[in-house]
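> Got a sequence here, can you model it:
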Amino acid sequence: KRVVSKKMAASKPILYSYFRSSCSWRVRIALALKGIEYEYKAVHLLKDGGQQYTEDYKTFNPQCEVPTLEIDGLALTQSLAIIEYLDETRGKPYLVPKDDPLKRAQVRSVCHIIASGIQPIQNLRVLKYVGPEKKAEWGKHWIESGFRGLETTLSKTAGKYCVGDDITMADLCLVPQVYNANRFGVEMSSFPIIGRINQTLSEHDIFKKAHPSQQPDCPEDIKDKV
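Numbers count the residues shown, from 1 in each chain. Alright, predicted model coming up:
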């Protein structure tokens, strides 16, 4: 376990985020659940050709992606790695089960179904390559395809939430992905377990706080639409 000095822990973390980024959203939920206060720095993924491509930002995120979390003197990237770091250095509530190898594997499995198998195929970079005429059809197709497998997986792992009755890292991945599904016009009635869990989580105050509409870089004119 990494030893964090009092001086390092006392420094306020900085989250580089974009209000509608699924990956940033996952980390915002984790920080809120753990009660970690942080400074929010917006990185607009469209403005000026994409602020993530600036030389300054590349110095600590060579992949030119969000989020980046500056914490404990480090610049951490990749949302799942960041969340696991927070679990290991900040403790409860644990978002990856500590004492149950099966549940731990199930949580990571659900996370990667979403974070490796669904979300990357319909993220901004891919959609720009696909082009404006096909991007809506493309996004909807791949989310529906991924959700069919995810629904079956959750039928075996879910309780109140994705894995059992405690909020885990899997739930942090689910909510942003359902948001994307709605944006692409996916018929969520075809996925009742996903829909039920998402509805339960969406009523949680912490999840409301992390929602794109509540972020400082969310434009005022679309706050009621996101």
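
> Give the buried residues for stretch 81-94.
For stretch 81-94, burial by neighbour count (16 or more other C-beta atoms under 10 Å) applies to 82-87, 89-90, 94. For every residue, glycine as well, the C-beta is placed using N, CA and C.

> Now, these that are in strands?
Here DSSP state E is the test, and those give no hits in strands at all.

> Could you list the low-confidence segments of this structure?
Along the chain, segments meeting pLDDT under 70 span 1-10.

> change it to 50
Within the chain, no stretch has pLDDT under 50.

> center of the protein, which residue is that?
Centroid-nearest residue in the chain: Arg26, 2.6 Å away (criterion: C-alpha atoms, centre = their mean).

> Can you name every helix or strand that whichever helix or strand that residue is part of contacts?
Following DSSP states H and E, the helix or strand that holds Arg26 is helix 22-33. Judged by 3 or more C-beta pairs under 8 Å, 6 or more residues apart in numbering; DSSP states H and E, the packing partners of helix 22-33 are strand 14-17, helix 79-90, helix 169-183, helix 205-210.

> So which of the ones you listed is nearest Lys160?
Smallest distance to Lys160 across those (C-beta to C-beta): 9.7 Å, for helix 169-183.

> ok, which stretches of this protein are strands?
Applying DSSP E to the chain gives strands spanning 14-17, 39-42, 68-71, 74-77.

> In its sheet, which strands sit next to the first one, and in what direction?
Counting by DSSP bridges, the strands paired with strand 14-17 are strand 39-42 (parallel), strand 68-71 (antiparallel).

> Now do the buried residues in the first one.
Residues 41-42 are the ones in strand 39-42 that count as buried (16+ other C-beta under 10 Å).

> ditto for stretch 59-69
61, 65-69.

> swap in stretch 175-184?
Along stretch 175-184, the positions that meet the burial threshold by neighbour count (16+ other C-beta under 10 Å) are 175-181, 184.

> C-alpha coordinates for the helix holding Arg26, CSV please?
Extracted C-alpha coordinates of helix 22-33, given in CSV (Å, rounded to 0.1, in the frame of the first residue of the first chain):
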residue,chain,number,x,y,z
SER,A,22,-18.1,9.2,-19.3
CYS,A,23,-14.6,8.6,-17.9
SER,A,24,-14.5,11.9,-16.0
TRP,A,25,-18.0,11.2,-14.7
ARG,A,26,-16.9,7.9,-13.1
VAL,A,27,-14.1,9.6,-11.2
ARG,A,28,-16.3,12.5,-10.1
ILE,A,29,-18.7,9.9,-8.5
ALA,A,30,-15.8,8.1,-6.8
LEU,A,31,-14.4,11.4,-5.4
ALA,A,32,-17.8,12.4,-4.1
LEU,A,33,-18.5,9.0,-2.6
